[in-house]
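Peer 1: coords please:
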Amino acid sequence: MSSTADDSATPAARLGFTAGQVIQEFGYDEDVDQDLRAGLETITGSELVDEEYDDVTDGAVIWFRDDDGDLTDFLVDAMTVLDDNGPIWVLVPKAGRRGHVSHSDIEEAATTSGLHAMTTFSIAAEWSATRLATRGRGK
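Peer 2: Modelled structure (predicted):
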């Protein structure tokens, strides 16, 4: 794997992960953006770990669609092995696409899980990304 100056300009780089980090992936299915996944693996230098992984992780990526069940459950599962202050990225189909989840639904699940939404942006042709983080004390 070679790294180029352009690595920082890739969509995967926008998620802020770095070399050596362990990223857990939830909600993998045939519709995920394979280029984004490959970019994350290039940046971290290792494959994404699946939902069954039970060691400490540095972050989580959750592919979530409106028919995937309860987003709060996914968030709680992600936090089970997540290192303190590790980001959780919720990736949902963009508005107007099958499976779209509204930002208010993401915020509600985050609040229920003790998290809050930090930022949302387009990450791939079909997907938007929302960064969730733990609520700091006294903030």
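
Peer 1: low-scoring stretches of this structure, by residue?
Peer 2: In the predicted model of the chain, residues 1-8, 135-139 satisfy pLDDT under 70.

Peer 1: quick one, strands of it?
Peer 2: 23-26, 59-63, 88-93, 115-122, 127-134 (DSSP state E).

Peer 1: with mean neighbour count and distance to residue 51 added, can I get the ones you listed in CSV?
Peer 2: Placement of C-beta: from N, CA and C, glycine included. Formatted as CSV, the strands of the chain follow (neighbours: other CB atoms under 10 Å; distance: least, CB to CB, whole Å):
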stretch, mean neighbour count, distance to residue 51
strand 23-26, 23, 5
strand 59-63, 25, 10
strand 88-93, 24, 13
strand 115-122, 15, 18
strand 127-134, 19, 17
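
Peer 1: please produce CSV containing those strands, extended by distance to residue 101.
Peer 2: Compiled in CSV, these are given as follows (distance: least, CB to CB, whole Å):
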stretch, distance to residue 101
strand 23-26, 14
strand 59-63, 11
strand 88-93, 4
strand 115-122, 11
strand 127-134, 9
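
Peer 1: and those: which comes nearest residue 72?
Peer 2: strand 115-122 (9.8 Å; CB to CB).

Peer 1: angle of that closest one against strand 88-93?
Peer 2: Angular relation of strand 115-122 and strand 88-93 on a 0 to 180 degree scale: 50 degrees, by axes from the mean of the first three to the mean of the last three CA atoms, to 10 degrees.

Peer 1: what's strand 115-122 packed up against?
Peer 2: helix 103-112, strand 127-134 (3 or more CB pairs under 8 Å, 6 or more residues apart in numbering; DSSP states H and E).
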